[in-house]
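*Asks:* Test case, fold it:
(chains A and B)
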Number of protein chains: 2
Amino acid sequence: MKEQKNKKITSRNVDFAKWYTDIVRNAHLAAYSNVKGCMILEPNGYAIWENIQKILDKEFKKLGHQNVYMPLFIPESLLKKEAEHVEGFAPEGAWVTEGGGDVLEEKMCVRPTSETLFCDYYSTVVKSYRDLPKLYNQWCNVVRWEKETRPFLRTREFLWQEGHTIHETAEEAEKETRCMLEVYKNFFENVLAIPVVTGKKTEREKFAGAEYTLTVEALMYNGITLQSATSHYFGQKFTKPFDITFSNRNNELEYAYQTSWGTTTRMIGALIMVHSDDNGLVLPPKIAPYKVVIVPIGKEERVFAKAEEIHTLLDRADISNFIDLSDKSPGYKFAEAEMLGIPIRLEIGPKDLEKEQLIVARRDTSEKICLSLKENVIDKIYNLMDQIQNNLFETALKRNLEKTYICKNMKEIENVIYTNPGYIKAMWCGDEACELKIKEIRGTKSRCIPFEEENLSDVCVCCGKKAKHMVYFGIQY
Amino acid sequence: MKEQKNKKITSRNVDFAKWYTDIVRNAHLAAYSNVKGCMILEPNGYAIWENIQKILDKEFKKLGHQNVYMPLFIPESLLKKEAEHVEGFAPEGAWVTEGGGDVLEEKMCVRPTSETLFCDYYSTVVKSYRDLPKLYNQWCNVVRWEKETRPFLRTREFLWQEGHTIHETAEEAEKETRCMLEVYKNFFENVLAIPVVTGKKTEREKFAGAEYTLTVEALMYNGITLQSATSHYFGQKFTKPFDITFSNRNNELEYAYQTSWGTTTRMIGALIMVHSDDNGLVLPPKIAPYKVVIVPIGKEERVFAKAEEIHTLLDRADISNFIDLSDKSPGYKFAEAEMLGIPIRLEIGPKDLEKEQLIVARRDTSEKICLSLKENVIDKIYNLMDQIQNNLFETALKRNLEKTYICKNMKEIENVIYTNPGYIKAMWCGDEACELKIKEIRGTKSRCIPFEEENLSDVCVCCGKKAKHMVYFGIQY
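*Replies:* Numbering: from 1, shown residues only, chains lettered A, B, ... in the order given. Alright, predicted model coming up:
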């Protein structure tokens, strides 16, 4: 057992919710604001978001997507154009009713999502199949008037990206829907080191107005699931009410086919709840704003000189790092670097200089190793970053497998959910009534029908009738 | 005289306002939306904004600034805390009065600027001089309920960055105010190739709540001035009502000293109105999303192969470029590249291949030159980009000097403003009454008191009393 070095935070095994907010506050990721339900992204939290943006944006652009920016407001009449959509979003709307000293003739919703704005725009610019596809994305803020909020996981305002594309054929749009889900899956697994389950949402859980919704689901340390990214296929459900037609290759007018896909600052919440521990935040090197902190021990000039030398070396290798020159004890600095989730700590003291070595501490395992300065330090650091990245993924994956249960009846579901929650794999008849009965067990919801279903049994876990699908169930944030 | 190749757009000498919107629409920079007063940033416009963000953000970070994100909404009581500030911004506020189906107990303003939110936050996190300075910035959207709007120049919602810093001493905060103004000035001149005038706003024209405002002013092709970036010194004007105190080095409680500084998507409007012409957008290479377009002439395989080769060469040199492979005539492609403002066009046809050459067309001068493929093409392109960048700056500077007038009396001001407007340099007594009288001449406003004042005369251009300052006046957007 590791010793808990930082007394400021609650242990995650004692009170997970408290531990979570302790990390958020003590790692200076976000602060509460006087604007109810809205959070302040502090520099450490925003820097993670900037890295997320940089990496995802590059992937989007590689696939031909372009960024645009739509208005913040949606006039009520525009939001109402697609019936299921307005029904889904209007109840949590924030409405601007006064502007420039006057009461507005038509009130405007602060965008909860921008399908309607993109459709309105597309209806004016798309004329022919030659104008298709349009592969647009935007990075912006959205607002949903949630009753209960929690930093990163559920706030009234949050930051996200929303891709909105329209296509000539259903096939092409469906391919895009699936392709963007894979982009998210790869990002979660390879960059955030978070293993995920992907699949299709049930009718009940799909996005308001979509034909179907694909989802990336992640499992937190405490066995609660988190919907982490979604990709929706709309078919012509919006293009018809918004009259987005184009002349197709046969010179006939046809409604275009549409997708949307998004992910949010919620990912930062997932990073906390999957990787972090009782000493603070733990970040995979690929997403950490600083990969390395250098802590000089003592006050000797030659120690500072060596620290500077290593700093320059790392900078040149594009490994973002800093020297902690603050007026604090080494122990305090170590604890702080751990709290902030910096993957690698380098300690240099007079004794190390004599031995021509550095002490390297891993954030993920707390392991300390000696690194000879005669070796290629940069190669070693790169190597260590890979090891940390892989270890975080493997640790999470192992935990996910331990927390994944096959349930054959309602009793088994109850048993899992009330004792040691996690993913529940179970067969389902496809009937919403059964979904609702399962939901009565501590709010357990279907997470997704995975792309590759196993045949666990022939009958529905709830009603015993013929099963149609294997479903992942779980409690959700 | 250059021939006007693109008939879609109005000539800038015939109808400047129409020419401006023609460029906005035909270069696909922005579109009008059904959300009154709000614009849609289309891919070409947003890509310029992304470049602006990338370059400015790097400069901010070099100087130790960190990015954060504050809530979108400001509760009415928070906005009211500083009297001048609320008086300045409340009249153009957009107010959220309903959320989640309920009428809100306290209405919330959609942020027109975030001084109050930053102050509210700083008041909770600053305790000691050791916590200072805080050098925070955010990139976000803001809303001001303008009556008359124009794409990029004045819209109800716009994108910007706002830096908000607090400091231990007035001296340090004033240094920051000036330093950030210099960052803007350098960005405008060296990146956007827009020569600017910098100085201090008069009391009448300063930011609502500031001790003083420094400004970057630019002159458009038609002689109208554009306030392009501002940097404000607040002293303790906000830190007192918001109670932002810290224990100073003498262990006494003291109110902190504050600045803010910002610039917006309005810069894209300036790029249009300073550099562009009757053939479309003209962009300085340093800010252009694509620096080079390659146009293959004819259908021969060896031509496409050479185009690909050049494309790869440019990519490797990090010169962003694309091959226009669309099914259009070369003439159409040339006109389109001109409309989009791509600084350099490379034409390759079968004859060029035989002569082992490329045709290089400059967007700024329409000049065409032969470039031997035996030479170092990349060096030549770099060199040409520098020449274009410099030429655009020099052309604008020359025009600014031609359009800068010294006026000694009101008649002279009237004469300039009604016949050939531009910058008016004139002496001023410091009295607001005189400023207002000058404003009666077609809305001519003081732009700034430059950092280096010339002594043009001893008396005020308006009242004839003793002059205090030399002021730049002009009509503004």
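*Asks:* What's the separation between A:Tyr122 and A:Val68?
*Replies:* 11 Å (CB to CB, to the nearest Å). Bear in mind the C-beta positions are built from the backbone N, C-alpha and C, glycine included.
*Asks:* which residues touch the closest residue to chain B within the stretch 101-250 of chain A?
*Replies:* The stretch 101-250 of chain A approaches chain B most closely through A:Trp145 (3.4 Å), counting by CB to the nearest CB. For A:Trp145, the contacting residues are A:Gly37, A:Glu92, A:Gly93, A:Ala94, A:Arg156, B:Gly99, B:Gly100, B:Gly101, by CB atoms under 8 Å, 6 or more residues apart in numbering or on different chains.
*Asks:* Same check on A:Met39?
*Replies:* So A:Met39 contacts A:Ala30, A:Ala31, A:Tyr32, A:Ser33, A:Thr149, A:Pro151, A:Phe152, A:Thr155, A:Glu157, B:Pro71 (CB under 8 Å, 6+ apart).
*Asks:* could these go into TSV alongside pLDDT and secondary structure?
*Replies:* Output for the contacts of A:Met39, formatted as TSV (pLDDT from 0 to 100; DSSP: H, G, I helix; E, B strand; the rest coil):
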residue	pLDDT	secondary structure
A:Ala30	98	strand
A:Ala31	97	strand
A:Tyr32	94	strand
A:Ser33	92	coil
A:Thr149	94	coil
A:Pro151	97	coil
A:Phe152	97	coil
A:Thr155	96	coil
A:Glu157	97	strand
B:Pro71	98	coil
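*Asks:* Redo those as a markdown table? Include distance to B:Ile52 and neighbour count.
*Replies:* As requested, the contacts of A:Met39 are exported to a markdown table (distance: CB to CB, whole Å; neighbours: other CB atoms under 10 Å in any protein chain shown):
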| residue | distance to B:Ile52 | neighbour count |
| --- | --- | --- |
| A:Ala30 | 27 | 24 |
| A:Ala31 | 28 | 18 |
| A:Tyr32 | 32 | 17 |
| A:Ser33 | 28 | 21 |
| A:Thr149 | 33 | 18 |
| A:Pro151 | 30 | 23 |
| A:Phe152 | 29 | 26 |
| A:Thr155 | 28 | 23 |
| A:Glu157 | 24 | 24 |
| B:Pro71 | 24 | 26 |
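*Asks:* closest to A:Ile294 among those residues?
*Replies:* A:Ala30 (26.9 Å; CB to CB).
*Asks:* how near is that closest one to chain B?
*Replies:* Computed as CB to the nearest CB, to the nearest Å, the A:Ala30 to chain B distance reads 9 Å.
*Asks:* Run through the bridge partners of that residue.
*Replies:* Under DSSP bridges, the beta-bridge partners of A:Ala30 are A:Leu41.
*Asks:* now the strands: where do they sit in the stretch 301-450 of chain A?
*Replies:* A:321-323, A:344-348, A:357-362, A:368-372, A:404-406, A:423-428, A:445-450 (DSSP state E, counting those that start in this stretch).
*Asks:* what do you get for the stretch 1-150 of chain A?
*Replies:* A:30-32, A:39-41, A:66-67, A:73-75, A:94-99, A:102-110, A:134-143.
*Asks:* quick one, which of those strands is nearest to B:Val282?
*Replies:* Using CB to CB, those put strand A:66-67 closest to B:Val282, at 21.6 Å.
*Asks:* partners of that closest one in the sheet?
*Replies:* strand A:134-143 (parallel).
*Asks:* Show me which parts of the partner strand are buried, residue by residue.
*Replies:* A:Lys134, A:Leu135, A:Tyr136, A:Asn137, A:Gln138, A:Trp139, A:Cys140, A:Asn141, A:Val142, A:Val143 (16 or more other CB atoms under 10 Å in any protein chain shown).
*Asks:* cool, and stretch A:450-459?
*Replies:* For stretch A:450-459, by 16+ other CB under 10 Å, it's A:Pro450, A:Ser457, A:Val459.
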